[in-house]
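Q: sequence and computational prediction follow.
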Amino acid sequence: MDIDWDDLKTILAVVREGTLGRAAQGLGVNYTTVARRITRAEEALGQKLFERLTEGYRPTDIGLLAARHAEQMEQHQNALMRQLQGRDETLRGPLVITAPQILLNLHLVHVIDRFCTLHPEVDLSVNSANDLVDLGRRRADLAIRVSANPGDALKGLRLCDQHTAAFASPEIARRIAQAPEAATGWIVYDQTKGVPEAALARNPRAFVRARFDDMIAMIGAAQAGLGVVRMPMFIGRGTPGLVQVPVMEPSPYAPIWAVAHADVWPGAKVSAFRALLRAYFREHRRVFAA
């Protein structure tokens, strides 16, 4: 009785994801490859690993047992690869970074440009994800995060502090300047209570005009003149068609960090990118805070 490591990884992926399609996406293979590996593993073990249901694959007890052992093997493999990368003193080969899309668009592209110019032998990949990426499982080597707590299990470099402020289109800014006590419409996140308390204290007539679930959409709405938006200052200052409006004082916001797994932190590529980040944010720190 024997089983291939790729088949074990596939069992673990299907247990985690619940469907062949999502497992295939995570593994970077197609649907039929996942199905073939599961069948091959069951034949090799002589055991049924999954119940085939209309809503997905449900693991049997044997399937869960195999997945637990596969996860332990994955952890050992990841630990080995992280430690090897942390000891790598060369500036060549793959490097994966992840960062929020807006921060990438407005600022980090300049750091990336500089890094690629200085280190052309590094194969840089950029993941513009707003969700947290699991650095322990090597989904990325270095993450730039906006967070009050970027992760206790990670090594971190605090790049800069930042503030939020209120921004709007020039036309709305003109109206506010002419009639600061007039009712002002706001664009807010759909999960917030409403107009910021600091803004209501200055103008009790302020009201929510629309709710959005995405900052990029809110930026577009503000540019179109739908209302005032509170946003990180680097976004408002870096977005054409928006100006800061004095409807509330700037307020502290979560700082920006560069983080990596402790094993990976000393590696040459991560260190080189981190050095450029430090220099860039030191030079541009006034863009991010009042």
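A: Looks like it came in fine.
Q: buried residues in the strand ranked longest in the chain?
A: Across the chain, the longest stretch assigned as strand under DSSP state E is strand 154-168. Across strand 154-168, burial judged by 16 or more other C-beta atoms under 10 Å covers 154, 155, 156, 157, 159, 160, 162, 164, 165, 166, 167, 168. Placement of C-beta: from N, CA and C, glycine included.
Q: and if you look at stretch 204-217?
A: 206, 209, 212, 215.
Q: which of these fall in helices?
A: residue 215 (DSSP state H).
Q: flag the least confident of the buried residues of stretch 204-217.
A: Looking at those by pLDDT, the weakest one is residue 215, with 91.
Q: that one contacts residue 235, doesn't it?
A: Yes: the criterion here is C-beta atoms under 8 Å, and residue 215 meets it with residue 235 at 7.3 Å.
Q: mind listing the shared neighbours of those two?
A: Contact criterion C-beta atoms under 8 Å, 6 or more residues apart in numbering; residues shared by residue 215 and residue 235: residue 102.
Q: sort the buried residues of strand 154-168 by pLDDT and name the bottom one.
A: residue 154 (80).
Q: mind listing what that one touches?
A: 135, 259, 260, 261, 262.
Q: switch to 10 Å and redo it
A: 135, 136, 143, 145, 257, 258, 259, 260, 261, 262, 264, 265 (C-beta atoms under 10 Å, 6 or more residues apart in numbering).
Q: isn't residue 129 right up against residue 139?
A: Yes: Residue 129 is within contact range of residue 139, at 9.1 Å (criterion: C-beta atoms under 10 Å).
Q: what sits in contact with each of those two?
A: residue 98.
Q: these two touch, right, residue 138 and residue 81?
A: Yes: if you go by C-beta under 10 Å, residue 138 and residue 81 touch, sitting 6.2 Å apart.
Q: higher neighbour count, those two?
A: The residue with more neighbours, out of residue 138 and residue 81, is residue 138; 19 against 13, by other C-beta atoms under 10 Å.
Q: can you read off the pLDDT for that one?
A: 72.
Q: likewise residue 93?
A: For residue 93, the predicted pLDDT is 93.
Q: can you count the residues close to it?
A: Using other C-beta under 10 Å: residue 93 sits among 12 other residues.
Q: cool, residue 115 as well?
A: Residue 115 - counted by other C-beta under 10 Å - has 22 other residues nearby.
Q: which residues touch it?
A: Residue 115 neighbours (C-beta under 10 Å, 6+ apart): 91, 95, 97, 108, 122, 124, 269, 272, 273, 275, 276, 277.
Q: and these, which two are furthest apart?
A: Farthest apart among the contacts of residue 115 by C-beta to C-beta are 91 and 108. That separation is 19.1 Å.
Q: which one's more surrounded, the two?
A: Using other C-beta under 10 Å, the more surrounded residue of residue 91 and residue 108 is residue 108, with 23 against 17.
Q: that one reaches residue 127, doesn't it?
A: No: in this structure residue 108 lies outside contact range of residue 127 using C-beta under 10 Å: 11.7 Å.
Q: for residue 94, grab phi and psi.
A: phi -70, psi 150 (degrees, to the nearest 10).
Q: counting neighbours, what do you get for it?
A: With other C-beta under 10 Å as criterion, residue 94 counts 11.
Q: same check on residue 92?
A: Residue 92 has 13 nearby residues by other C-beta under 10 Å.
Q: which residues touch it?
A: 119, 120, 121, 122, 123, 268, 269.
Q: mind doing that once more with 7 Å?
A: By C-beta atoms under 7 Å, 6 or more residues apart in numbering, residue 92 lies in contact with 121, 122.
Q: quick check: residue 15 vs residue 9, distance?
A: 11 Å (C-beta to C-beta, to the nearest Å).
Q: ok, now residue 250?
A: 48 Å.
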